[in-house]
Each structure stands twice: as C-alpha cells, then as structure tokens.
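Peer 1: A predicted structure for the sequence below; I have some questions about it.
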Amino acid sequence: MSVDSSVQGIFAAFEAAAENPLASSRAWKAANGTPVVGSFPMHFPGELAHAAGCLPVILQENHEPITVGHGMIYPFYCGYTRSVVDQACKGDFDFLDAIMFGDHCVQVLGAADVVRAKLPNTRVHFYQLISSMSDPWSHSRARETFAGLKEGLEEMIGRTIDNDAIRASIRLFNRNRQLLRKLYDMRRSGTSPLTARQMQLAVKSSMVMDKAAHSALLERLIERLEATAATRQRGVRVYLSGHFCQAPKLGILDLIESCGGIVVDDDLYHGQRYISTDVDDAGDPLDALAKWYLERNLKVPCPTRVDQNADWETYLLGAMAKSKADGMIVLMAKFCEPHMYYYPEIKEAFEAKDVPHLLIETEHETTALEGIRTRVEAFLEMVKRQTIAKAAAAARLETGVV
Amino acid sequence: MGNFFNAAEVPVVKANRLQSSSLNNRMVNDYWTEVFNAKAEGKLVCWYEGVAINPLMQAADIRWVHGEAWSALLAARNNEGPAQEAAEGRGYMKELCSYARTHIGCGVLAQNRGVEASGSSFSDALGAGLLGERVPAPDMFISAYPYCSTGQQWDEMLYRLFGKKIPIFNISVPWVWGNKKDAGYLTGAEFKEATAYMVRQLKECIKWIEQQTGKKYDYDKLSEIMAYTKKAGELRMEAIDMCAVKPAPASFFDWTTSLAPVNFVPGGPQIVSYFETVKAEIAERVRVGEGAIPNEKYRLFWDGIMNWNKIGWLANKFAGYNATMVAGRYTHMGFWHEHECIDVNDPLEGMAINYLVCPINLSAPLMIEEIIKLCKKFEIDGMVLHAARTCRAFSNPQYLIADAVQKRLGIPVAMIEGDMVDESFYKDELVNARLEAMMEAIEGKKRMIIPNAA
C-alpha cells in the first residue's frame, strides 16, 4: 500500500481504515488472499488469529442508523450491540471467514446469537474467558480457553499453529502497542501536537489493519513528530475515561477540545486500554497470553471483570495525577451495564478527593452535541477556576502570606 | 357484537388459582423469618444471586439471602421503593437490572445504618415496617450467575459496597454455546467439559465454605438435602406434565408462585410435601375437568422472566380473554427440572447440570428446540414474550424465539415491555394493544381452520 508519508497522509490512511473497517479488511483480503477473522471487543488475542495466517479485525460500531437490526434486538441495548446486529442483518459481515470472541457481556451475547443466526455459513465461535481475575484458577482457565481458541483456529485453517509463529505474532503486536504507547507518552509530556481525534484514529485503525503495515505507518509518524518541535498547547488538561466496546464519536472529542480542553490521557478501549500491556514473547505462548490477560486488568482495570486486586477508581486518580490532568470527563455509552455498575465507585472516590469530573452519556443515534457543549464549557470553566484557586492557595502557603 | 378482545370490553374474570399455593406463602414467610433471626441465633449469612446454590449453604448451617428472591418479595409487597431510591441516591442508574438495584439498595441502606457484618440483629416479624432494612448484613458472598454478566458484577459491587472486607467466592458458569457439531442439549464434549469445570468450582467453593465456618463440610447433609430437592423437582415436573390436558388445571402463574420451594426455601420434607399437595390438587382438577381459568378457549406460552408487580393482575387479565397461560420458559425450563441427572449420593454433577441448563444459559438454537417441544406438548395457540427492560439475559433471544415459533409452528406472538420489579417500565395500554392483536390473530386462525376441517 502506498501512502503519502506526511503526517496528514498517514492520518488519511488511519482514517480510511478506522472509519471504514469492513471495506478496508475486505480490500486486504482481496489483495492478499488472507482469511479475515472478526472478533468482538475487548479481550480477544488477535495474536493467535494472526499466527494462523488470518487478518484479525475487531468488529466496530458503525455510523449508520440502525434499521433492520431493530427487527432482531430491542432498543434498550447499547449502541455497539445494536450496530453489530444491524450490520449482520444487512449482510455486512458476509465476507468474514469467522467470528470468534471470548467476552461475556450479556448484551454482546445477545448480539452473538443473532449474528450466528444471520450468518449460517460462517464459523461464529465463542471461547468464554474467565472474568473473575483473582481466583487461584484464573490463569489456568484463561490458558485452557486460549488453547480452545487455538484449536478452533487450527480446525478452520486445517493445520496446526506453530509456537514460533505465535511468538512472532506476539512480537509484531508488541511492537505495534509500543509505538502507540510512544504516541501516548508524547501527548502526556506535551511534545505531540496530536488531537484526541487523531489519537483515536491511530488506535482504532490498529484494531482493523494488518499490524506490520500499521506499525510501518506509526514509525514514520513518530519520526515526523520527533523532528518537529511541538508548540505547547494551552487549555484545561482533561483525562477521558469510559467507552469500552465502541469508540466515542469523533464529534464529541472535537467538541471537548473546541471548548478549551486538551485531552492529555485516557483509559478508553479505543485508546490506552487497548495498548496497555505487552505479551511475553518467550516461553509457552498460551501461558504468556493468559498472563497478559490477567496483567492487563491490573494495568488498566476493566469494569467488565471482577478483580480483588484492582480498583478502577484508584487507578483513575493515579492516572490523572501522572498525566497532570485537572479534570476528568467520563464518557458512558447509554445502556452499558458494566460502566453503570462501577460509576458510583468512581463518583464517590473522586468526590472524596475533591477531583472534578463530568459524566456524559452518549448514544449511537446522533447525540445532541449542543447540549453537551454547554455542559463541557461549564465544567471546564469550573475546573479552570478551581485550578487557579488551588495554585493561589499553594503559593500563599509557600510564601507564608495567608 | 363488540370486539371481544378490546380491553374495555373484556369481562372481569378471576383466575382459578391453585389453593395449595397458600402453603407456599407460609414456607416463604418462615424462610424469611429464619433469615431475619439469623444474627440473633448466631448464624452466618451469605448473600448470593442466580442459580439455586442454597443447598451448599444449608448443609453448612449458613443462612442465605437470595438477591432476586429478596427483591421480588419487596416488589410483591410494594416495599421496593426505599431500596431502589437508596441505590439511585448512590448513582446507580435506572437502566441497571432492577433486581440488582433493589438488592444493592438494601446494601446501601445497611451501610447508611452503619451495620457491620456481625452483631446486627433483625428479629422483627415479617410484614411490618421497612422490609428493605430488615435483611441481615452479609458475612460472605457467593457469586454463581449463569449467562448474565450483570450477576457477577452485582455481587462484586456488593462486595465493594461493604468495603471489600467480606469474603467473596466467584463461581464462573460457562454459557452453553456449542462451537462443535456434537453440541446438543445435555450432550457433547463442550457440555461435558463445562459440567466438569462447574464441579471443580463447586468443590473449591465447599472448601472455602469450610474456611468460613471453621467446620468440616457435611456431605451427608448435602446428600440428604438434595434427595428432598430431587424429589420436589420430580413431583413438580410430573404435576407440570399433567397440565397438558384441556382445560389445563394449573397455569404458568400458578407455577411462578410455586418457585420458592425449588429456588431458595430450605430443602426438607416440607418442599416434598408441598409438591405432593400441589400434584394431588392438580390430579383432582384433571379428574373433574376443572381448569386454571373458568372457560379455557386458548392456550398460551409465556417467554421471559416474570413481572412480579403484575402477577395477579396478569393472571386475571388472561382469564378474561379465556386464555390459559399454560407454560413458560422461566418456570418449565429451570428449577431442578433435570432432576433425573441428580445422583443423591454424589450430587455435585447433577447440581452443575441443572445450573448449566437453567432458562437463560442455553444459546438460542438449543433454547428454541426446548421451547418448541414445550409448545407442541402443551398445544400452544400463541406466545407472549415479556421483554423485561432491565433483564437483557431473558430478553436477548426473544426475536429469534418469536421468529422460530411463528415459522415452525405458525402461532401468533405478542411482545410486551415490562420489568421484573420496576413497575415504571410497564405501560398498560401498549400491553393491551399488543395482546388484543395477538388474540385476534389466534381467533382468526381458529376460524380459518374450523370450516376447512368441517
């Protein structure tokens, strides 16, 4: 694929893949003859599908209105679930060679049943990952699950998957994650001029593109960014939290920044959550993947898991301090049960520490952006005043003038 | 002649409910009284939800609070409001499972009172005051939720609400999906593996229970409890089978009020005796040709979870249509219905199997086959699918079920929206309109068939 290697050109390539993931993977399949394995978010080890010679693609919520899908699923489901059902009903997934997944969110399971019914000629396989992360058998069960997934892939391709091939795929995926994390580091330290929209396009495209091709683009991008001295952005430093299976709408990210916020870090799945943890590339690869699965939840705790060794709210407070964020905006996809369950923990912890946050509920259907704008503006104004007041109080303490 | 199915013209008819279900109320009251007295009697209390793991606790002399049962009781006695408001006050949103919101709300109420895990006493008689405040605080949690991710998170949030100080044990229940060709109901390599995995976890759970009680686990007691449970399950399914006759002697609504003895009431001679009484009453009704409603013309199937706020109202409503709600997924595809799998001398495998094939844990193709069998067996004319707004676990496969029964059995369906214990999601007029349309379609179909047959 020839790509304009300017920053603009690289982002055009990311955008093409991120915003039209099915067209992009269909084109890749046609050009390379590679089987395409679709997966649901959020814990599917694409490394195994890659080692089987397939292109792993994380199925995305699209921007289309949900129409025929409403004949198969109730409206009180999250936008991701309804969109996936709608895409399956419209035949958008017909080119996929398989859909494999391991997460057990009850709404996604509902979608999975419909997807299987609508794609009678496609392998729609489920390998249920243990979601209780701190049991004595969590590791061994995760390993057993990944072994089952490997077996399913082997059955599909008609040959065994070599451990060396899995290790090579692990290295390739690690490299990609490391490059994306580098972009995150640059953003936190203020040496990257990238917007929240661009950060999402970089991560989301990684979920649907061939990893080697994506990493090549990232390497060029980082070179270009390092060669250009970034002007330090001014504004309220915002941490973005939430949104799991579906990417937040780009319009909301633009809005936050247009209101005077600078997104300095996030725990979004289409962000830091996806790239937080590497897999050991030595030893038994299934063991390594099981270890990755459990460690990932300690790095960036996920409310879809239960884990006695992780606290999402504590993580968020720490991440905000690390990125010197002044306020947090929580983006919650409407009907997302894991998020709704956990939100009171965050709310209480943030209020106890007097750290400001704003909850915004988002929907698949066009959100009333102007209503959100008013709330974001008010929030950022409040955070700005609070930050100034805190700085003044700290200065008074330092000078002894009270 | 007016439109018979128009809600305004439907006569008020009272369903002929089983007399024996009043015995159930007594057992339920006794059970909750024991729960309320637990701390005063020095008993440990476990909070849990989901499948009926209560025999595990009963054998260890632990008292148990089943979250759904507790929430349903509060709703049935119009006492759910304060708990739901307490949950909302802490930031739990209305779209969350209403059972969970109600139960977590009780946790919030307990926290507000400063209740500690031990030493609190709730010995008031059942029926007076604010029920939501009367459930004893937990000494432990066991989470064993099939299919629904919400279940495990509900327990986790309770664990966190009580300051992560109360021990919790998680049993992960695999969904019966079926990747392989040999996958079927109760059969196939995946099902066998899932059963073995469940048994391993149940054994670990028993070891954990020993740690909590400090006593050796009494496996003989478990066998004894499971012998009663198996017998109760057997009698219940035999009585259910007797309802295939016309008119059906008992309805789905009767079976919903008979769930407690096979769900959370202690296993003992009383639950066997209860179903013997129920079965005898049904046998007598069959003998004299007495139906669950005065004039059965139509036979319906209820898919989905129960709407506890509306149970009596719905039973009478369908009686007004001369329609018996004969069977349902909730009542007929769970609650020790696979009693034959239980070996009372070594009950864990049979328990695991029953947990795995509960009414939400089968993937749609397997579930649909079981529903179709029931529709044929009970000669169903139409299906009502209750889309419980906050129970996606039950609502998930309903479009697939509706499609299958319409295509394969040619029976009309009605999808109605409601909820388990949050009445605000229920709208009478919408329900009326959909039910009327279905009843018209059933009647139309019968009229088409009769002349042809003649």
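Peer 2: Structure's in. What do you need?
Peer 1: list the helices and strands the helix or strand hosting residue A:199 packs on?
Peer 2: Assigned by DSSP states H and E, residue A:199 belongs to helix A:196-208. For helix A:196-208, the packing partners by 3 or more C-beta pairs under 8 Å, 6 or more residues apart in numbering or on different chains; DSSP states H and E come out as helix A:7-19, helix A:21-32, strand A:55-58, helix A:163-189, helix A:211-227, helix A:250-258, strand A:261-266, helix A:272-275. From N, CA and C alone the C-beta is placed, and that goes for glycine too.
Peer 1: Tabulate those (JSON lines), appending mean pLDDT, mean neighbour count and distance to residue B:431.
Peer 2: As requested, these are arranged in JSON lines below (pLDDT from 0 to 100; neighbours: other C-beta atoms under 10 Å in any protein chain shown; distance: least, C-beta to C-beta, whole Å):
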{"stretch": "helix A:7-19", "mean pLDDT": "97", "mean neighbour count": "19", "distance to residue B:431": "42"}
{"stretch": "helix A:21-32", "mean pLDDT": "97", "mean neighbour count": "16", "distance to residue B:431": "39"}
{"stretch": "strand A:55-58", "mean pLDDT": "98", "mean neighbour count": "24", "distance to residue B:431": "40"}
{"stretch": "helix A:163-189", "mean pLDDT": "96", "mean neighbour count": "18", "distance to residue B:431": "51"}
{"stretch": "helix A:211-227", "mean pLDDT": "96", "mean neighbour count": "17", "distance to residue B:431": "51"}
{"stretch": "helix A:250-258", "mean pLDDT": "96", "mean neighbour count": "18", "distance to residue B:431": "37"}
{"stretch": "strand A:261-266", "mean pLDDT": "96", "mean neighbour count": "25", "distance to residue B:431": "43"}
{"stretch": "helix A:272-275", "mean pLDDT": "98", "mean neighbour count": "21", "distance to residue B:431": "41"}
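Peer 1: Can I get the ones you listed in JSON lines including distance to residue B:348?
Peer 2: As requested, those are exported to JSON lines (distance: least, C-beta to C-beta, whole Å):
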{"stretch": "helix A:7-19", "distance to residue B:348": "49"}
{"stretch": "helix A:21-32", "distance to residue B:348": "46"}
{"stretch": "strand A:55-58", "distance to residue B:348": "38"}
{"stretch": "helix A:163-189", "distance to residue B:348": "36"}
{"stretch": "helix A:211-227", "distance to residue B:348": "45"}
{"stretch": "helix A:250-258", "distance to residue B:348": "50"}
{"stretch": "strand A:261-266", "distance to residue B:348": "45"}
{"stretch": "helix A:272-275", "distance to residue B:348": "38"}
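Peer 1: Identify whichever of those lies nearest to residue A:363.
Peer 2: Evaluated over the helices and strands packed on helix A:196-208, closeness to residue A:363 peaks at helix A:250-258, with 10.8 Å, by C-beta to C-beta.
Peer 1: ok and that closest one relative to helix A:196-208, angle-wise?
Peer 2: 150 degrees (axes from the mean of the first three to the mean of the last three C-alpha atoms, to 10 degrees).
Peer 1: just checking, what packs against helix A:250-258?
Peer 2: Going by 3+ C-beta pairs under 8 Å, 6+ apart, helix A:250-258 lies up against helix A:196-208, strand A:236-242, strand A:261-266, helix A:369-399.
Peer 1: Which of these has the lowest mean pLDDT?
Peer 2: Ranked by mean pLDDT, the helices and strands packed on helix A:250-258 end with helix A:369-399 at the bottom, a mean of 91.
Peer 1: ok so, going back, next one: the helix holding residue A:199 to chain centre, how far?
Peer 2: Offset of helix A:196-208 from its chain centre (C-alpha atoms, centre = their mean, to the nearest Å): 9 Å.
Peer 1: Ok, stretch A:245-254 next?
Peer 2: With C-alpha atoms, centre = their mean, you get 11 Å for stretch A:245-254.
Peer 1: what's next to that stretch, contact-wise?
Peer 2: A:18, A:40-42, A:60-61, A:78-80, A:83, A:105, A:108, A:195-197, A:200, A:204, A:240, A:242, A:263, A:268-270, A:331, A:333, A:336, A:360, A:362, A:364, A:367, A:369, A:372 (C-beta atoms under 8 Å, 6 or more residues apart in numbering or on different chains).
Peer 1: hmm, 7 Å instead?
Peer 2: By C-beta atoms under 7 Å, 6 or more residues apart in numbering or on different chains, the surrounding residues in contact with stretch A:245-254 are A:41-42, A:60-61, A:79-80, A:196-197, A:200, A:204, A:263, A:268-270, A:331, A:333, A:362, A:367, A:369, A:372.
Peer 1: hmm, which of the residues you listed are the buried ones?
Peer 2: A:41-42, A:60-61, A:79-80, A:196-197, A:200, A:204, A:263, A:268-270, A:331, A:333, A:362, A:367, A:372 (16 or more other C-beta atoms under 10 Å in any protein chain shown).
Peer 1: pretty sure residue B:104 is in contact with residue B:87, am I right?
Peer 2: Yes - here residue B:104 reaches residue B:87: they are 5.1 Å apart, a contact under C-beta atoms under 7 Å.
Peer 1: show me the contacts for the spatially closest residue to residue A:373 that is not a sequence neighbour.
Peer 2: The shortest distance from residue A:373 to any non-neighbouring residue, by C-beta to C-beta, 6 or more residues apart in numbering or on different chains, is to residue A:255 (5.7 Å). Going by C-beta under 7 Å, 6+ apart, residue A:255 touches A:369, A:372-373, A:376.
Peer 1: between those, which is nearest residue A:318?
Peer 2: residue A:376 (24.1 Å).
Peer 1: Confirm residue A:114 sits in a strand?
Peer 2: No - counting by DSSP: H, G, I helix; E, B strand; the rest coil, residue A:114 is not found in a strand; it is helix.
Peer 1: need the contact list for it.
Peer 2: Residue A:114 neighbours (C-beta under 7 Å, 6+ apart): A:72-73, A:85, A:88, B:400.
Peer 1: Checking residue B:143 next. Helix, strand or coil?
Peer 2: strand.
Peer 1: what sits against it?
Peer 2: Counting by C-beta under 7 Å, 6+ apart, the residues that residue B:143 touches are B:48, B:151-152, B:155, B:168, B:170-171.
Peer 1: and which of the residues you listed is nearest chain A?
Peer 2: Sorting the contacts of residue B:143 by how near they are to chain A, with C-beta to the nearest C-beta, puts residue B:170 at the top with 3.8 Å.
Peer 1: Residues touching stretch B:192-204, excluding its own?
Peer 2: Under C-beta under 7 Å, 6+ apart, the answer for stretch B:192-204 is B:171-174, B:176, B:348-349, B:351-353, B:355-356.
Peer 1: where's that stretch relative to the chain centroid, distance-wise?
Peer 2: 23 Å.
Peer 1: Return the alpha-carbon coordinates of it using PDB.
Peer 2: C-alpha atoms of stretch B:192-204 as PDB (Å, rounded to 0.1, in the frame of the first residue of the first chain):
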ATOM      1  CA  LYS B 192     -19.200 -32.400  29.400                       C
ATOM      2  CA  GLU B 193     -16.200 -30.100  29.900                       C
ATOM      3  CA  ALA B 194     -18.500 -27.300  31.200                       C
ATOM      4  CA  THR B 195     -20.000 -29.700  33.700                       C
ATOM      5  CA  ALA B 196     -16.600 -30.900  34.900                       C
ATOM      6  CA  TYR B 197     -15.500 -27.300  35.300                       C
ATOM      7  CA  MET B 198     -18.500 -26.500  37.300                       C
ATOM      8  CA  VAL B 199     -18.000 -29.500  39.600                       C
ATOM      9  CA  ARG B 200     -14.400 -28.500  40.200                       C
ATOM     10  CA  GLN B 201     -15.500 -25.000  41.200                       C
ATOM     11  CA  LEU B 202     -18.300 -26.300  43.500                       C
ATOM     12  CA  LYS B 203     -15.700 -28.500  45.200                       C
ATOM     13  CA  GLU B 204     -13.500 -25.400  45.700                       C
END
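Peer 1: Perfect, that will be all.
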